[in-house]
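**Q** When you get a sec, could you give me coordinates for this:
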Amino acid sequence: MLFVVTTFISRRDKNQYDVFKSIQKTGDRQKFFKRWAIESFIIYGLLSMIILSIIGQIYSLKVMPDFLVDFSKSVKSIGEMNESDFISGFFKGIMISIVPVLLFGGTIGAFLKEYKDYKDRKSKNNIESEEINFRNLDALIPKNYKERIWGAILSINAGFSEEIFFRVLAPILIYSVTSSVLIAIIGSTIWFGLVHYYQGMAGVFVTFFVGLLMFIVYMITENIWITMLVHAVLDLNGLVFSPWLKAIFANRENSA
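**A** I've put the predicted structure just below:
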């Protein structure tokens with residue numbers, strides 16, 4: 001039932017996004033942002049908590065479900081098989097560094113990229129560099145500070161609501177039917193990709209791999225709240241911080 005509902009919503013989101021791309025007025029754009037934020041919170045956040053309470057799994061917001069804990073331990077044990085082995089050390093290094101890199105690396109990288117592009121444009125007489133946007137998100141980029149506030153709200157809400165739904169509730173439900181941890185993880189990640197259909201098929205594939213990355217974070221930390229934070233930071237970086245930096249450097253060019 002949840003899959004049918006979210007499939008219907010994703011198809012409707014695609015139609016709404018097609019309309020949204022033609023809208024230029026900030027006030028009208030903010031109405032869409034507000035609607036999407038509220039609907040996403042209700043459907044993926046609030047509804048997930050209600051269902052988790054009904055099925056007696058609300059504790060999963062505090063403690064990772066047992067079947068995921070067992071899977072996480074089995075994966076981590078791969079890196080503990082041989083303390084002196086290079087692969088073991090590399091594996092442990094990834095587990096230690098992945099969260100800090102995702103939290104701070106993207107932000108630092110965005111600044112360096114925009115600064116480099118700014119310098120390149122100055123040295124090339126302001127020739128604009130072409131960027132390929134595989135996820136069809138150009139229209140969603142905030143155009144001013146009012147829209148950036150809504151962009152931040154959407155990003156934080158996505159980190160909270162989507163992680164509860166796709167990293168906690170969906171795996172629990174799929175596992176209860178299949179008794180397979182792998183099917184629960186892969187199935188919920190495919191589901192996560194499909195609800196982003198409004199971004200096009202390329203966006204679905206990119207979102208699928210982002211979902212796998214979030215599962216890796218969840219497996220390593222065994223903490224859904226840290227995973228929410230990482231998700232929110234990634235979205236804030238892509239939707240708010242990077243475009244804001246681009247606007248700042250563009251204003252500097254115009255002033256010069």
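
**Q** by contact count, what packs against the helix or strand hosting Ile9?
**A** Element membership of Ile9 [criterion: DSSP states H and E] is helix 2-20. The contact analysis (3 or more C-beta pairs under 8 Å, 6 or more residues apart in numbering; DSSP states H and E) places helix 2-20 against helix 26-40, helix 181-194. (Each C-beta comes from the backbone N, C-alpha and C, glycine too.)

**Q** now do 7 Å
**A** Applying 3 or more C-beta pairs under 7 Å, 6 or more residues apart in numbering; DSSP states H and E, we find helix 2-20 packed against no helix or strand.

**Q** and stretch 55-72, how far out from the chain's middle?
**A** 21 Å (C-alpha atoms, centre = their mean, to the nearest Å).

**Q** cool, and stretch 181-200?
**A** Offset of stretch 181-200 from its chain centre (C-alpha atoms, centre = their mean): 12 Å.

**Q** contact partners of that stretch?
**A** Contact with stretch 181-200 is made by 3, 6, 10, 13-14, 17, 67-68, 71, 135-137, 166, 170-171, 174-175, 178, 203-205, 207-208, 211-212, 215, as judged by C-beta atoms under 7 Å, 6 or more residues apart in numbering.

**Q** For that stretch, which residues meet the burial criterion?
**A** Residues 181, 184-189, 191-193, 195-200 are the ones in stretch 181-200 that count as buried (16 or more other C-beta atoms under 10 Å).

**Q** With stretch 105-118 instead?
**A** For stretch 105-118, burial by neighbour count (16+ other C-beta under 10 Å) applies to 106-107, 110, 114, 117-118.

**Q** which outside residues touch that stretch?
**A** With contact meaning C-beta under 7 Å, 6+ apart, stretch 105-118 is reached by 129, 234, 237, 241-242, 245-246, 249.

**Q** change it to 6 Å
**A** 129, 237, 241-242, 245-246, 249 (C-beta atoms under 6 Å, 6 or more residues apart in numbering).

**Q** For Leu102, state which of the residues you listed is nearest.
**A** Asn237 (9.6 Å; C-beta to C-beta).

**Q** Return the residues in contact with that closest one.
**A** Contact partners of Asn237, counting by C-beta under 6 Å, 6+ apart, are 106-107, 110.

**Q** With distance to Gln30 and secondary structure added, can I get those residues in a markdown table?
**A** Putting these into a markdown table (distance: C-beta to C-beta, whole Å; DSSP: H, G, I helix; E, B strand; the rest coil) gives the following:
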| residue | distance to Gln30 | secondary structure |
| --- | --- | --- |
| Gly106 | 26 | helix |
| Thr107 | 25 | helix |
| Ala110 | 24 | helix |
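
**Q** Which parts of this protein are helices?
**A** For the chain, applying DSSP state H gives helices covering 2-20, 26-40, 47-54, 66-76, 86-100, 106-123, 145-157, 163, 170-178, 181-194, 200-221, 224-236, 242-255.

**Q** Of these, which stretch is the most buried?
**A** Highest mean neighbour count of the helices of the chain: helix 163, a mean of 29 (counted as mean count of other C-beta atoms under 10 Å).
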